[in-house]
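Student: sharing a model that was predicted from the sequence below.
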Amino acid sequence: MRTLTILLTALLFSGFSYAQDKTSLKLTSDETPTSLKFDVSLQEVIESPVTRFRKELTQTQKEYKKRNPEGENLPLYPNGMLNLLFAEKIATAFNTSGDLSLQEAYFNLDTTDDEFSFGYNFDNRGGEVLNPLCWVASIGAKIKESNGFANIADGGDLFEDNIGVNIKFTKIGSGRIGWGTSGSAKAVSHRENIEANREFLYYTYDEKVKKYGRDELPSIKEKNNAIYTPVNAASETKESMKDKMDEFYEEMIREELKYVDDNKLYTFMFNWWATIEGYLPVGDKKYDITPILSNNEATKVQYYAFNTNASYNFYVQKPSGVSLFGKLIGGVKGNSNIEVNGDKAKSFQSIYVEDGISNLTEPVSAIEVDEYKRFVTTSLKAEVALFFVDNKVGFSPAIEKNFGTYDAVNWKLGVPLSLKNKKGESKVNIELQWKETKTLEGSKHMFGFASSFFFGDLVK
(Lines give C-alpha, C1' and ligand atoms only; values in the text may rest on other atoms or scores of the structure.)
Protein backbone atom coordinates (compact mmCIF):
# COMPACT_ATOMS: atom_id res chain seq x y z
CA MET A 1 0.00 0.00 0.00
CA ARG A 2 2.87 2.38 0.86
CA THR A 3 4.54 1.66 -2.49
CA LEU A 4 1.29 2.28 -4.41
CA THR A 5 0.78 5.59 -2.59
CA ILE A 6 4.33 6.67 -3.41
CA LEU A 7 3.94 5.76 -7.09
CA LEU A 8 0.63 7.63 -7.42
CA THR A 9 2.06 10.69 -5.68
CA ALA A 10 5.14 10.69 -7.91
CA LEU A 11 3.01 10.39 -11.07
CA LEU A 12 0.62 13.08 -9.89
CA PHE A 13 3.34 15.66 -9.38
CA SER A 14 5.70 14.67 -12.19
CA GLY A 15 3.61 16.64 -14.70
CA PHE A 16 3.54 19.80 -12.62
CA SER A 17 6.01 22.64 -13.16
CA TYR A 18 7.11 24.69 -10.18
CA ALA A 19 5.91 28.26 -9.90
CA GLN A 20 8.71 30.80 -9.78
CA ASP A 21 9.03 32.71 -6.51
CA LYS A 22 10.16 36.16 -7.66
CA THR A 23 11.33 37.23 -4.25
CA SER A 24 13.84 34.49 -3.73
CA LEU A 25 13.97 31.68 -6.28
CA LYS A 26 14.99 31.59 -9.90
CA LEU A 27 15.40 28.62 -12.22
CA THR A 28 18.69 28.25 -14.02
CA SER A 29 18.90 28.14 -17.80
CA ASP A 30 18.30 24.38 -17.96
CA GLU A 31 14.83 25.03 -16.49
CA THR A 32 14.91 21.90 -14.34
CA PRO A 33 12.95 22.30 -11.13
CA THR A 34 15.80 20.98 -9.02
CA SER A 35 18.61 23.33 -10.05
CA LEU A 36 17.87 26.59 -8.30
CA LYS A 37 19.68 29.78 -7.53
CA PHE A 38 18.29 32.16 -5.01
CA ASP A 39 19.51 35.52 -6.19
CA VAL A 40 21.05 36.57 -9.49
CA SER A 41 23.42 38.93 -7.69
CA LEU A 42 25.21 35.98 -6.09
CA GLN A 43 26.34 34.80 -9.54
CA GLU A 44 26.41 31.20 -8.30
CA VAL A 45 23.97 28.32 -8.35
CA ILE A 46 23.32 26.78 -4.93
CA GLU A 47 22.31 23.22 -5.70
CA SER A 48 19.17 21.82 -4.16
CA PRO A 49 19.53 18.45 -2.40
CA VAL A 50 17.75 16.71 -5.29
CA THR A 51 20.18 18.07 -7.89
CA ARG A 52 23.12 17.14 -5.72
CA PHE A 53 21.77 13.62 -5.17
CA ARG A 54 21.26 13.07 -8.92
CA LYS A 55 24.74 14.35 -9.77
CA GLU A 56 26.46 12.21 -7.12
CA LEU A 57 24.47 9.12 -8.13
CA THR A 58 25.43 9.65 -11.77
CA GLN A 59 29.09 10.03 -10.78
CA THR A 60 28.96 6.86 -8.64
CA GLN A 61 27.44 4.91 -11.53
CA LYS A 62 30.09 6.21 -13.96
CA GLU A 63 32.86 5.11 -11.60
CA TYR A 64 31.22 1.69 -11.29
CA LYS A 65 31.00 1.28 -15.09
CA LYS A 66 34.64 2.25 -15.41
CA ARG A 67 35.62 -0.50 -12.94
CA ASN A 68 33.06 -3.01 -14.24
CA PRO A 69 32.48 -2.45 -17.99
CA GLU A 70 30.26 -5.55 -18.21
CA GLY A 71 28.33 -4.79 -15.02
CA GLU A 72 24.58 -4.41 -15.46
CA ASN A 73 23.34 -3.91 -11.89
CA LEU A 74 24.23 -0.22 -11.48
CA PRO A 75 24.58 1.19 -7.94
CA LEU A 76 21.33 2.48 -6.49
CA TYR A 77 23.01 4.95 -4.14
CA PRO A 78 25.64 7.67 -4.36
CA ASN A 79 28.82 6.99 -2.39
CA GLY A 80 27.99 9.58 0.29
CA MET A 81 24.80 7.75 1.15
CA LEU A 82 26.61 4.44 1.65
CA ASN A 83 29.28 6.22 3.69
CA LEU A 84 26.63 7.34 6.15
CA LEU A 85 24.91 3.94 6.16
CA PHE A 86 28.01 1.93 7.04
CA ALA A 87 29.32 4.44 9.57
CA GLU A 88 26.04 4.26 11.47
CA LYS A 89 25.79 0.48 11.21
CA ILE A 90 29.25 0.20 12.77
CA ALA A 91 28.30 2.70 15.48
CA THR A 92 25.19 0.75 16.47
CA ALA A 93 26.83 -2.67 16.26
CA PHE A 94 29.97 -2.24 18.39
CA ASN A 95 29.47 0.87 20.48
CA THR A 96 32.03 0.28 23.25
CA SER A 97 35.58 1.41 23.82
CA GLY A 98 36.67 -2.23 23.83
CA ASP A 99 35.51 -2.78 20.27
CA LEU A 100 34.76 0.28 18.15
CA SER A 101 33.20 3.58 19.11
CA LEU A 102 32.43 6.55 16.86
CA GLN A 103 31.39 8.80 19.74
CA GLU A 104 33.62 11.86 20.02
CA ALA A 105 34.06 11.28 23.74
CA TYR A 106 33.18 8.20 25.76
CA PHE A 107 33.07 6.66 29.21
CA ASN A 108 32.84 2.88 29.54
CA LEU A 109 32.59 0.53 32.55
CA ASP A 110 33.53 -3.06 31.72
CA THR A 111 33.03 -5.67 34.43
CA THR A 112 34.71 -8.40 32.35
CA ASP A 113 38.13 -6.77 32.67
CA ASP A 114 37.31 -4.88 35.89
CA GLU A 115 38.17 -1.53 34.38
CA PHE A 116 36.79 1.93 33.78
CA SER A 117 37.86 3.66 30.58
CA PHE A 118 37.37 7.07 29.04
CA GLY A 119 38.77 8.77 26.00
CA TYR A 120 38.42 10.83 22.86
CA ASN A 121 37.84 9.59 19.31
CA PHE A 122 38.48 11.38 16.05
CA ASP A 123 38.21 10.21 12.44
CA ASN A 124 39.11 11.28 8.91
CA ARG A 125 35.69 12.82 8.12
CA GLY A 126 36.30 16.07 9.97
CA GLY A 127 32.65 16.35 10.94
CA GLU A 128 31.38 15.70 7.39
CA VAL A 129 29.24 12.61 7.94
CA LEU A 130 28.75 11.98 4.21
CA ASN A 131 32.48 11.57 3.59
CA PRO A 132 33.89 8.03 3.58
CA LEU A 133 34.72 6.74 7.07
CA CYS A 134 38.24 5.36 6.49
CA TRP A 135 39.80 5.36 9.95
CA VAL A 136 39.15 6.14 13.61
CA ALA A 137 41.84 7.01 16.16
CA SER A 138 41.40 7.03 19.90
CA ILE A 139 43.41 8.17 22.88
CA GLY A 140 42.26 7.70 26.44
CA ALA A 141 42.91 6.12 29.81
CA LYS A 142 41.96 2.95 31.63
CA ILE A 143 41.65 2.60 35.37
CA LYS A 144 41.51 -0.81 37.01
CA GLU A 145 38.73 -1.14 39.54
CA SER A 146 38.24 -3.42 42.53
CA ASN A 147 34.98 -4.09 44.38
CA GLY A 148 33.25 -1.52 42.17
CA PHE A 149 35.75 1.26 42.92
CA ALA A 150 38.45 2.61 40.60
CA ASN A 151 41.21 3.81 42.89
CA ILE A 152 43.68 6.36 41.48
CA ALA A 153 45.37 7.71 44.59
CA ASP A 154 45.39 7.22 48.35
CA GLY A 155 46.81 9.67 50.84
CA GLY A 156 48.51 11.65 48.08
CA ASP A 157 50.19 8.54 46.60
CA LEU A 158 49.35 7.81 42.97
CA PHE A 159 48.49 4.19 42.22
CA GLU A 160 50.65 4.03 39.11
CA ASP A 161 49.81 0.40 38.39
CA ASN A 162 46.08 1.15 38.40
CA ILE A 163 46.00 3.67 35.58
CA GLY A 164 47.40 3.70 32.07
CA VAL A 165 47.21 5.33 28.65
CA ASN A 166 45.27 3.58 25.90
CA ILE A 167 45.98 4.34 22.21
CA LYS A 168 44.06 2.78 19.34
CA PHE A 169 43.89 3.08 15.55
CA THR A 170 41.23 1.42 13.40
CA LYS A 171 41.13 1.06 9.62
CA ILE A 172 37.58 0.65 8.33
CA GLY A 173 36.53 -1.06 5.10
CA SER A 174 34.27 0.47 2.46
CA GLY A 175 31.44 -2.03 3.03
CA ARG A 176 29.11 -3.83 0.67
CA ILE A 177 25.32 -4.00 0.35
CA GLY A 178 23.47 -6.57 -1.75
CA TRP A 179 20.16 -6.11 -3.56
CA GLY A 180 19.79 -9.60 -5.02
CA THR A 181 21.06 -11.36 -8.11
CA SER A 182 21.00 -9.06 -11.14
CA GLY A 183 17.70 -9.47 -13.00
CA SER A 184 16.08 -11.56 -10.28
CA ALA A 185 12.55 -10.80 -9.14
CA LYS A 186 13.85 -9.71 -5.72
CA ALA A 187 16.43 -7.32 -7.18
CA VAL A 188 13.87 -5.81 -9.56
CA SER A 189 11.33 -5.41 -6.76
CA HIS A 190 13.88 -3.77 -4.44
CA ARG A 191 14.97 -1.33 -7.15
CA GLU A 192 11.39 -0.42 -8.10
CA ASN A 193 10.41 0.26 -4.49
CA ILE A 194 13.52 2.34 -3.81
CA GLU A 195 13.14 4.40 -6.98
CA ALA A 196 9.43 4.99 -6.36
CA ASN A 197 10.13 6.23 -2.84
CA ARG A 198 12.96 8.38 -4.20
CA GLU A 199 10.59 10.20 -6.61
CA PHE A 200 8.38 10.99 -3.64
CA LEU A 201 11.39 12.34 -1.73
CA TYR A 202 12.46 14.39 -4.78
CA TYR A 203 9.12 16.17 -4.80
CA THR A 204 9.07 16.59 -1.01
CA TYR A 205 12.50 18.20 -0.85
CA ASP A 206 12.01 20.42 -3.88
CA GLU A 207 8.97 21.78 -2.04
CA LYS A 208 11.05 22.26 1.12
CA VAL A 209 13.61 24.23 -0.89
CA LYS A 210 10.92 26.48 -2.31
CA LYS A 211 9.37 27.00 1.12
CA TYR A 212 12.76 27.94 2.54
CA GLY A 213 13.30 30.45 -0.25
CA ARG A 214 9.86 31.92 0.27
CA ASP A 215 9.54 31.96 4.08
CA GLU A 216 13.08 32.12 5.52
CA LEU A 217 15.54 33.46 2.98
CA PRO A 218 14.11 37.03 2.66
CA SER A 219 14.59 37.69 6.40
CA ILE A 220 18.13 36.24 6.26
CA LYS A 221 18.98 38.53 3.34
CA GLU A 222 17.44 41.52 5.07
CA LYS A 223 19.41 40.85 8.25
CA ASN A 224 22.71 40.41 6.37
CA ASN A 225 22.13 43.52 4.27
CA ALA A 226 21.62 45.54 7.44
CA ILE A 227 24.84 44.29 9.03
CA TYR A 228 27.36 43.81 6.21
CA THR A 229 28.59 45.58 3.12
CA PRO A 230 26.84 44.44 -0.09
CA VAL A 231 29.65 42.04 -1.02
CA ASN A 232 29.90 40.53 2.47
CA ALA A 233 26.11 40.38 2.80
CA ALA A 234 25.87 38.36 -0.40
CA SER A 235 28.62 36.04 0.82
CA GLU A 236 26.93 35.50 4.20
CA THR A 237 23.59 34.83 2.53
CA LYS A 238 25.18 32.35 0.16
CA GLU A 239 26.81 30.54 3.12
CA SER A 240 23.46 30.35 4.95
CA MET A 241 21.82 28.93 1.84
CA LYS A 242 24.55 26.36 1.36
CA ASP A 243 24.30 25.23 5.00
CA LYS A 244 20.55 24.81 4.62
CA MET A 245 20.91 22.79 1.42
CA ASP A 246 23.49 20.56 3.14
CA GLU A 247 21.05 20.06 6.00
CA PHE A 248 18.25 19.15 3.59
CA TYR A 249 20.54 16.76 1.70
CA GLU A 250 21.56 14.82 4.81
CA GLU A 251 17.94 14.78 6.00
CA MET A 252 16.76 13.40 2.65
CA ILE A 253 19.43 10.69 2.66
CA ARG A 254 18.54 9.64 6.20
CA GLU A 255 14.87 9.37 5.20
CA GLU A 256 15.71 7.09 2.30
CA LEU A 257 18.02 4.93 4.44
CA LYS A 258 15.26 4.57 7.02
CA TYR A 259 12.82 3.54 4.30
CA VAL A 260 15.25 0.89 2.99
CA ASP A 261 16.00 -0.42 6.50
CA ASP A 262 12.38 -0.42 7.68
CA ASN A 263 11.23 -2.26 4.54
CA LYS A 264 14.29 -4.60 4.39
CA LEU A 265 15.05 -3.67 0.77
CA TYR A 266 18.41 -5.46 0.66
CA THR A 267 19.73 -9.02 0.83
CA PHE A 268 22.78 -8.42 3.04
CA MET A 269 25.17 -5.80 4.44
CA PHE A 270 28.85 -6.48 5.09
CA ASN A 271 31.75 -4.48 6.49
CA TRP A 272 35.09 -5.05 8.22
CA TRP A 273 37.64 -3.15 10.29
CA ALA A 274 41.16 -3.83 11.57
CA THR A 275 42.51 -2.40 14.82
CA ILE A 276 45.90 -1.89 16.47
CA GLU A 277 45.73 -1.06 20.18
CA GLY A 278 48.20 -0.50 22.99
CA TYR A 279 47.78 -0.06 26.73
CA LEU A 280 50.74 1.42 28.64
CA PRO A 281 50.47 1.62 32.44
CA VAL A 282 51.91 4.66 34.19
CA GLY A 283 53.97 2.42 36.47
CA ASP A 284 54.77 -1.18 37.34
CA LYS A 285 52.29 -3.60 38.89
CA LYS A 286 53.52 -4.19 42.46
CA TYR A 287 52.97 -7.12 44.84
CA ASP A 288 53.85 -7.85 48.45
CA ILE A 289 54.76 -11.55 48.64
CA THR A 290 56.32 -14.09 50.97
CA PRO A 291 58.78 -14.64 52.51
CA ILE A 292 58.28 -12.06 55.25
CA LEU A 293 61.64 -10.40 55.89
CA SER A 294 63.37 -10.04 59.25
CA ASN A 295 62.12 -6.45 59.60
CA ASN A 296 58.56 -7.80 59.42
CA GLU A 297 57.95 -6.51 55.89
CA ALA A 298 56.83 -8.46 52.85
CA THR A 299 59.14 -9.05 49.88
CA LYS A 300 58.51 -6.48 47.12
CA VAL A 301 58.20 -7.62 43.48
CA GLN A 302 56.83 -6.00 40.33
CA TYR A 303 56.26 -6.33 36.59
CA TYR A 304 55.14 -4.04 33.75
CA ALA A 305 51.56 -4.96 32.73
CA PHE A 306 51.58 -3.58 29.18
CA ASN A 307 49.08 -4.98 26.68
CA THR A 308 49.17 -4.66 22.88
CA ASN A 309 46.99 -6.34 20.28
CA ALA A 310 45.91 -6.34 16.64
CA SER A 311 42.52 -7.57 15.46
CA TYR A 312 40.41 -8.17 12.37
CA ASN A 313 36.64 -7.74 12.77
CA PHE A 314 33.65 -8.14 10.46
CA TYR A 315 29.88 -8.17 10.47
CA VAL A 316 27.19 -9.48 8.14
CA GLN A 317 23.61 -8.31 8.56
CA LYS A 318 20.58 -9.95 6.96
CA PRO A 319 17.15 -8.31 6.52
CA SER A 320 15.64 -11.07 8.67
CA GLY A 321 17.17 -9.39 11.73
CA VAL A 322 20.00 -11.95 12.05
CA SER A 323 23.58 -10.65 12.21
CA LEU A 324 26.96 -12.36 12.46
CA PHE A 325 29.95 -10.66 14.05
CA GLY A 326 33.46 -12.09 14.11
CA LYS A 327 36.83 -11.20 15.58
CA LEU A 328 40.33 -12.64 15.34
CA ILE A 329 42.78 -10.99 17.73
CA GLY A 330 46.45 -11.54 18.48
CA GLY A 331 48.08 -10.00 21.53
CA VAL A 332 51.28 -9.59 23.52
CA LYS A 333 51.27 -8.58 27.20
CA GLY A 334 53.33 -8.47 30.36
CA ASN A 335 52.34 -11.16 32.82
CA SER A 336 53.19 -12.92 36.09
CA ASN A 337 52.32 -16.18 37.84
CA ILE A 338 50.39 -14.20 40.48
CA GLU A 339 48.25 -12.54 37.80
CA VAL A 340 47.56 -15.83 36.01
CA ASN A 341 46.71 -17.75 39.17
CA GLY A 342 44.66 -14.94 40.68
CA ASP A 343 46.45 -15.27 43.99
CA LYS A 344 45.17 -13.07 46.81
CA ALA A 345 46.96 -11.56 49.79
CA LYS A 346 46.42 -12.84 53.31
CA SER A 347 47.64 -11.88 56.75
CA PHE A 348 50.87 -13.28 58.22
CA GLN A 349 52.22 -13.09 61.75
CA SER A 350 55.28 -14.66 63.34
CA ILE A 351 56.38 -15.31 66.91
CA TYR A 352 59.43 -13.69 68.40
CA VAL A 353 60.84 -13.96 71.92
CA GLU A 354 61.84 -10.88 73.85
CA ASP A 355 63.01 -10.95 77.50
CA GLY A 356 61.89 -14.55 77.69
CA ILE A 357 58.37 -13.68 76.59
CA SER A 358 56.81 -14.89 73.31
CA ASN A 359 55.19 -12.16 71.22
CA LEU A 360 53.34 -11.91 67.92
CA THR A 361 54.53 -9.52 65.24
CA GLU A 362 52.18 -6.98 63.70
CA PRO A 363 50.08 -8.58 60.89
CA VAL A 364 51.62 -8.28 57.42
CA SER A 365 49.49 -8.64 54.27
CA ALA A 366 51.23 -10.65 51.54
CA ILE A 367 50.65 -13.17 48.74
CA GLU A 368 52.02 -16.59 49.49
CA VAL A 369 54.10 -17.96 46.60
CA ASP A 370 56.86 -20.54 46.37
CA GLU A 371 58.57 -18.70 43.52
CA TYR A 372 57.67 -15.43 41.82
CA LYS A 373 57.81 -15.43 38.00
CA ARG A 374 57.26 -12.66 35.51
CA PHE A 375 57.09 -13.26 31.77
CA VAL A 376 55.59 -12.16 28.46
CA THR A 377 52.48 -13.91 27.11
CA THR A 378 51.41 -14.00 23.49
CA SER A 379 47.90 -15.10 22.55
CA LEU A 380 45.53 -15.74 19.67
CA LYS A 381 41.78 -15.49 20.19
CA ALA A 382 38.78 -16.13 17.91
CA GLU A 383 35.27 -15.02 18.80
CA VAL A 384 31.96 -14.94 16.95
CA ALA A 385 28.55 -13.64 17.93
CA LEU A 386 25.34 -14.59 16.19
CA PHE A 387 22.59 -12.08 16.99
CA PHE A 388 18.85 -12.37 16.54
CA VAL A 389 15.92 -9.98 16.94
CA ASP A 390 17.69 -6.93 15.45
CA ASN A 391 20.98 -7.49 17.32
CA LYS A 392 19.33 -7.61 20.74
CA VAL A 393 20.06 -11.18 21.84
CA GLY A 394 22.49 -13.78 20.56
CA PHE A 395 24.95 -16.62 21.06
CA SER A 396 28.70 -16.02 21.37
CA PRO A 397 31.42 -18.69 21.65
CA ALA A 398 35.14 -17.79 21.96
CA ILE A 399 38.41 -19.68 22.25
CA GLU A 400 41.86 -18.35 23.20
CA LYS A 401 45.29 -20.00 22.92
CA ASN A 402 48.16 -18.59 24.99
CA PHE A 403 51.86 -19.20 24.31
CA GLY A 404 55.01 -19.09 26.43
CA THR A 405 55.26 -19.74 30.16
CA TYR A 406 51.48 -19.46 30.33
CA ASP A 407 50.69 -22.10 27.69
CA ALA A 408 46.96 -22.64 28.04
CA VAL A 409 43.65 -22.75 26.16
CA ASN A 410 40.66 -20.82 27.54
CA TRP A 411 37.09 -20.85 26.22
CA LYS A 412 33.77 -19.13 26.72
CA LEU A 413 30.13 -19.70 25.80
CA GLY A 414 27.96 -16.63 26.12
CA VAL A 415 24.42 -15.37 25.57
CA PRO A 416 24.78 -11.61 24.93
CA LEU A 417 21.94 -9.17 25.47
CA SER A 418 22.23 -5.65 24.06
CA LEU A 419 20.06 -2.84 25.42
CA LYS A 420 19.78 -0.01 22.89
CA ASN A 421 18.71 3.61 22.96
CA LYS A 422 16.13 5.21 20.63
CA LYS A 423 18.77 5.57 17.89
CA GLY A 424 19.48 1.83 18.00
CA GLU A 425 22.89 2.30 19.63
CA SER A 426 24.09 -0.24 22.20
CA LYS A 427 24.45 1.40 25.61
CA VAL A 428 24.31 -1.55 28.01
CA ASN A 429 25.73 -4.94 26.99
CA ILE A 430 25.13 -7.88 29.30
CA GLU A 431 26.33 -11.42 28.67
CA LEU A 432 25.47 -14.61 30.53
CA GLN A 433 28.72 -16.61 30.43
CA TRP A 434 29.99 -20.08 31.13
CA LYS A 435 33.76 -20.19 30.77
CA GLU A 436 36.92 -22.06 31.65
CA THR A 437 40.09 -20.15 32.51
CA LYS A 438 43.34 -22.03 32.98
CA THR A 439 45.95 -21.13 35.59
CA LEU A 440 49.52 -22.39 35.99
CA GLU A 441 48.23 -24.82 38.61
CA GLY A 442 44.86 -25.95 37.25
CA SER A 443 41.68 -24.48 35.83
CA LYS A 444 38.61 -22.56 36.93
CA HIS A 445 35.06 -23.01 35.65
CA MET A 446 32.85 -19.99 36.12
CA PHE A 447 29.21 -19.18 35.43
CA GLY A 448 27.82 -15.67 35.72
CA PHE A 449 27.24 -12.31 34.12
CA ALA A 450 29.63 -9.89 32.42
CA SER A 451 28.52 -6.38 31.53
CA SER A 452 29.62 -3.22 29.79
CA PHE A 453 28.03 0.20 30.21
CA PHE A 454 28.66 2.90 27.63
CA PHE A 455 28.14 6.56 28.54
CA GLY A 456 29.12 8.41 25.35
CA ASP A 457 25.90 10.43 25.19
CA LEU A 458 26.63 12.05 28.54
CA VAL A 459 29.66 13.86 27.15
CA LYS A 460 28.96 16.98 25.10
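Tutor: Thanks, I have it. Numbering: from 1, shown residues only.
Student: residues contacting residue 358?
Tutor: Counting by Cβ atoms under 8 Å, 6 or more residues apart in numbering, residue 358 touches 351, 352. All C-beta spots, glycine's among them, are computed from the backbone N, C-alpha and C.
Student: try 7 Å this time
Tutor: Residues near residue 358 by Cβ atoms under 7 Å, 6 or more residues apart in numbering: residue 351.
Student: next: the one 10 residues further on.
Tutor: When contacts are counted by Cβ under 7 Å, 6+ apart, residue 368 touches 290, 346.
Student: give the buried residues for the longest helix along the chain.
Tutor: Ranked by residue count, the top helix of the chain under DSSP state H comes out as helix 230-262. By neighbour count with 16 or more other Cβ atoms under 10 Å, helix 230-262 contains the buried residues 233-234, 236-238, 240-241, 244-245, 248-250, 252-253, 255-257, 259-261.
Student: check which helices and strands that helix sits against.
Tutor: Judged by 3 or more Cβ pairs under 7 Å, 6 or more residues apart in numbering; DSSP states H and E, the packing partners of helix 230-262 are helix 49-67, helix 79-93, helix 185-215, helix 217-227.
Student: tell me what angle the longest one forms with helix 49-67.
Tutor: With axes from the mean of the first three to the mean of the last three Cα atoms, to 10 degrees as the criterion, the two stretches helix 185-215 and helix 49-67 enclose an angle of 140 degrees.
Student: likewise for the shortest one?
Tutor: Going by the same axes, to 10 degrees, helix 217-227 is angled at 100 degrees with respect to helix 49-67.
Student: which helices and strands does helix 217-227 pack with?
Tutor: With contacts taken as 3+ Cβ pairs under 7 Å, 6+ apart, helix 217-227 sits against helix 230-262.
Student: downstream of the helix it packs on, the next helix or strand is which one?
Tutor: With elements assigned by DSSP states H and E, the helix or strand that comes after helix 230-262 is strand 268-281.
Student: paired strands for that following strand, with orientation please.
Tutor: Neighbouring strands of strand 268-281 in its sheet, by DSSP bridges, are strand 163-172 (antiparallel), strand 176-178 (antiparallel), strand 307-317 (antiparallel).
Student: list the buried residues of it.
Tutor: For strand 268-281, by 16+ other Cβ under 10 Å, it's 269, 270, 271, 272, 273, 274, 275, 277, 278, 279, 281.
Student: hmm, residue 86 and the third one touching each other?
Tutor: So that's residue 271. Yes - if you go by Cβ atoms under 7 Å, residue 271 and residue 86 touch, sitting 5.2 Å apart.
Student: can you pull the domain assignment for this structure?
Tutor: Following automatic domain parsing, one gets these domains for the chain: 2-75+181-262, 103-176+271-343+369-458.
Student: identify the contacts common to residue 271 and residue 86.
Tutor: Residues touching both residue 271 and residue 86 (Cβ under 7 Å, 6+ apart): residue 175.
Student: residues near the closest residue to residue 360 other than its chain neighbours, how many?
Tutor: Excluding its sequence neighbours, the residue lying closest to residue 360 (Cβ to Cβ, 6 or more residues apart in numbering) is residue 349, at 5.0 Å. Using other Cβ atoms under 10 Å, residue 349 has 12 neighbouring residues.
Student: quick one: residues contacting residue 349.
Tutor: Counting by Cβ under 7 Å, 6+ apart, residue 349 has contacts 360, 361, 363.
Student: make JSON lines from the residues you listed and add pLDDT to it.
Tutor: Shown next, in JSON lines, are those (pLDDT from 0 to 100):
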{"residue": "360", "pLDDT": "83"}
{"residue": "361", "pLDDT": "82"}
{"residue": "363", "pLDDT": "90"}
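Student: closest to residue 127 out of the residues you listed?
Tutor: residue 363 (58.2 Å; Cβ to Cβ).
Student: what about the longest helix of the chain, distance to the chain center?
Tutor: If you compare the mean C-alpha spot of helix 230-262 with that of the full chain, they lie 25 Å apart, counting by Cα atoms, centre = their mean, to the nearest Å.
Student: how big is the angle separating that helix from strand 307-317?
Tutor: Using the same axes, to 10 degrees, helix 230-262 lies at 70 degrees relative to strand 307-317.
Student: low-confidence regions, the stretch 1-150 of the chain specifically.
Tutor: Residue ranges of the stretch 1-150 of the chain with pLDDT under 70: 1-45, 71-72, 90-100, 111-113, 145-150.
Student: cool, the stretch 351-460 of the chain as well?
Tutor: Scanning the stretch 351-460 of the chain for pLDDT under 70 picks out 421-427, 452-460.
Student: go again using 80 as the cut-off
Tutor: Counting by pLDDT under 80, the ranges of the stretch 351-460 of the chain that qualify are 351-356, 358-359, 389-392, 418-429, 451-460.
Student: so which residues of it form strands?
Tutor: Assigned by DSSP state E, counting those that start in this stretch, the strands in the stretch 351-460 of the chain fall at 351-354, 357-360, 364-366, 374-388, 393-403, 409-420, 426-438, 443-454.
Student: format those as TSV; extra columns: distance to residue 54.
Tutor: Formatted as TSV, the strands of the stretch 351-460 of the chain follow (distance: least, Cβ to Cβ, whole Å):
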stretch	distance to residue 54
strand 351-354	91
strand 357-360	88
strand 364-366	73
strand 374-388	36
strand 393-403	40
strand 409-420	34
strand 426-438	36
strand 443-454	39
